[in-house]
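Asker: 3D model of this:
(one chain, ligands or ions: 1)
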Amino acid sequence: MSNNVVTRVAPSPTGQMHIGTVRTALFNYIFAKQNGGTYLVRIEDTDKERNREEWVDDIWQDFQWCALTPDKKYRQSEHVGRHKELLHSLVNSDKAYVSKEPKKDDASQTVEVVRLRNPGGKVTFTDLIRGEVTIDTTELGDFVIARSIDDPLYHFAVVADDGDAGVTHVIRGDDHISNTPRQILILEALGFQRPVYAHLPLILAPDRSKLSKRKHGASLENYRGQGFLPEAILNYLALLGWNPGTEKELFTLDELIKEFSLERVHKAGAVFDIEKMKWFNHEYTKMLSLEEYEKQLSVFIESRGETVPPYMPAICTELRNRAQTYGEAANFLIDGEFSFMEETIPTPTTDLLLKGAKASAEAVKTHLQAVLELLGNQEGFTADSVKELVFPYATEKGRASVLWPMRVALSGKEKSPDPFTLAGLLGKERTLERIEKAFQLL
Ligand code: GLU
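Answerer: Numbering: from 1, shown residues only. Predicted structure coming up:
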């Protein structure tokens, strides 16, 4: 394909960005990059009643956050002068006309809308995903394209902007398919070249209803707040509707640019599966260096207004293995899952030390003493090395009677990770100290 490919994503600033818009942006971005073309972001901000300025800023930031940075960007409102000019030219060339008619909700008043002369009949267009689509436009009649000679409607603005920007590929959601014939008629009247269309299947909730921000929290903001990485979101979204034709699931943006094809996007709606997106996220956090993981998690925790516990570096590996997202990791910390890492832990009661041991206080004391001796000479102190030493002894004496009190001694709690993990994370000194203390208690 020649390198004058121009794609565009055209979000309206009416709220947080829907995850579907991110996918539309991604496919437009990839397609432009595949063809050495231009990827354009146009903010459709001409609907004054529904737009808010803060949403405009959010859109730019959202695209920046997920690295779908536009080659060119502008706001539709910057072009209203040009829209009017094009509208006038259509009326001057009699492709459209001013029609004086009674106002819709008040017949005593008249309005002067602009209507397009619609030749009627069927409009056929090629859609890269749906194939050939034919829609009869006869019933549309001479439809309204402007509220007045100086106030063009939305469809007119879209077509004018696409035409002026030389958009060659309109890749957007399926919900716009019914707008396409109307837009093609306007486009042809304006004398612009017709782009290629690709209408993406809608993203569906598990119950196959339309995935919604309100009902399903389907905004980029929400997933960012849950601590997803942008790379993971993009990777997951790419596979939502697109079938790579292989088993491969992990794709960097560069790999997507090499391998993605619009022709391999399904026609049917794609069900959004948050668990699958979490799986992707976990794959991506596992690829980070520990230092990077710790840095990003700290930023995330602080952005929630929480403090990063001083022991976090010591438990990063464990956190990363267990948490699929930064949100989950932060929750583990807030819920006290790792509170055994605090300098002081609740002193375990004798009841608790014996509760799950199913052995007498005397027997438990003997076991704790034995564990102290086993670990006392231990050099490299890791969860594995502790297990190697203690497990055979516990197996011989009865696992519960050794491992339960050891675990309670180290955590101070009824529920915690296994005692080897605890010992590995606490290190030799604190492990011995806490077991000694429990021993004294008994
Ligand atoms: N502004 C429209 C939307 O937010 C997109 C229009 C288009 O892609 O043609 O759904």
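
Asker: so what's the spatially most central residue of the chain up against?
Answerer: In the chain, the residue lying closest to the centroid (C-alpha atoms, centre = their mean) is residue 233, at 4.1 Å. Residues in contact with residue 233 (C-beta atoms under 8 Å, 6 or more residues apart in numbering) are 19, 22, 66, 220, 223, 277, 280, 281. C-betas here are computed from N, CA, C, even on glycine.

Asker: Let me know the average pLDDT across the particular helix or strand that has it in it.
Answerer: Per DSSP states H and E, residue 233 falls inside helix 230-238. Averaged across helix 230-238, the pLDDT comes to 98.

Asker: contacts for stretch 218-231?
Answerer: 15-22, 58, 62, 65-67, 203, 211-213, 233, 252-253, 272, 277-278, 281, 284-285, 296, 300, 325-330.

Asker: Not including adjacent chain positions, what is the nearest residue to residue 241?
Answerer: residue 270 (4.2 Å; C-beta to C-beta, 6 or more residues apart in numbering).

Asker: Return the backbone torsion pair for the one you found.
Answerer: When quoted as degrees, to the nearest 10, the phi and psi of residue 270 stand at phi -110, psi 130.

Asker: mind listing what it touches?
Answerer: So residue 270 contacts 201, 202, 203, 204, 240, 241 (C-beta under 8 Å, 6+ apart).

Asker: ok, of those, which one's closest to residue 186?
Answerer: When those are compared for distance to residue 186 (C-beta to C-beta), residue 202 wins out at 24.6 Å.

Asker: Against residue 230, how distant is the single nearest residue of the stretch 101-250 of the chain relative to the ligand?
Answerer: Residue nearest to the ligand within the stretch 101-250 of the chain: residue 172 (3.7 Å; C-beta to the nearest ligand atom). Plainly put, residue 172 is 21 Å away from residue 230 if you go by C-beta to C-beta, to the nearest Å.

Asker: The two: which has the busier surroundings?
Answerer: Each of residue 172 and residue 230 has its neighbours counted (other C-beta atoms under 10 Å); residue 172 has more, 23 against 19.

Asker: Three-state assignment for that one, please.
Answerer: Recorded secondary structure, residue 172: strand (DSSP: H, G, I helix; E, B strand; the rest coil).

Asker: so what's it scoring on pLDDT?
Answerer: Looking at residue 172, its pLDDT stands at 97.

Asker: Please report how far the residue nearest to it when sequence neighbours are not counted lies from residue 331.
Answerer: Nearest-residue entry for residue 172: residue 24, 5.7 Å, with adjacent residues in sequence omitted and distances by C-beta to C-beta, 6+ apart. Separation of residue 24 from residue 331 (C-beta to C-beta) stands at 31 Å.

Asker: who has more neighbours, the two?
Answerer: residue 24 (24 against 15).

Asker: Pull out the buried members of the contacts of stretch 218-231.
Answerer: 15-22, 58, 62, 65-66, 203, 211, 213, 233, 253, 272, 277-278, 281, 284-285, 296, 300, 325-330 (16 or more other C-beta atoms under 10 Å).

Asker: In helices only, show me those residues.
Answerer: Per DSSP state H, helices hold the following members of these: 19-22, 58, 62, 65, 213, 233, 253, 277-278, 281, 284-285, 296, 300, 326-330.

Asker: Intersect these with the contacts of the ligand.
Answerer: When those are filtered against the ligand using C-beta under 6 Å from any ligand atom, no residues are retained.

Asker: hang on, the earlier thing: gap between the residue nearest to residue 241 and residue 235?
Answerer: Applying C-beta to C-beta to residue 270 and residue 235 gives a distance of 14 Å.

Asker: Check which residues of the biggest helix by length in the chain are buried.
Answerer: Scanning the chain for the longest helix, with DSSP H as the assignment, gives helix 419-441. Going by neighbour count (16+ other C-beta under 10 Å), the buried part of helix 419-441 is 419-426, 428, 430-432, 434-435, 438-439.

Asker: which other residues reach it?
Answerer: 314-315, 318, 338, 340-341, 345, 347-348, 350, 353, 365, 368-369, 371-372, 375-376, 378, 381-384, 386-387, 390-391, 403, 405-411, 416.

Asker: Distance from it to the middle of the chain?
Answerer: 41 Å (C-alpha atoms, centre = their mean, to the nearest Å).

Asker: Please apply the same query to stretch 252-271.
Answerer: With C-alpha atoms, centre = their mean, you get 16 Å for stretch 252-271.

Asker: just use 49 as the starting number from now, easier for me
Answerer: With 49 as the first residue, the last one maps to stretch 300-319.

Asker: quick one: the closest residue to residue 424 other than its chain neighbours from the ligand, how far?
Answerer: Closest residue to residue 424 apart from its sequence neighbours, by C-beta to C-beta, 6+ apart: residue 480 at 6.9 Å. Residue 480 is 63 Å from the ligand, where distance means C-beta to the nearest ligand atom, to the nearest Å.

Asker: same thing with residue 329?
Answerer: 26 Å.

Asker: which non-adjacent residue is nearest that residue?
Answerer: Nearest to residue 329 is residue 280, by C-beta to C-beta, 6+ apart, at 4.0 Å.
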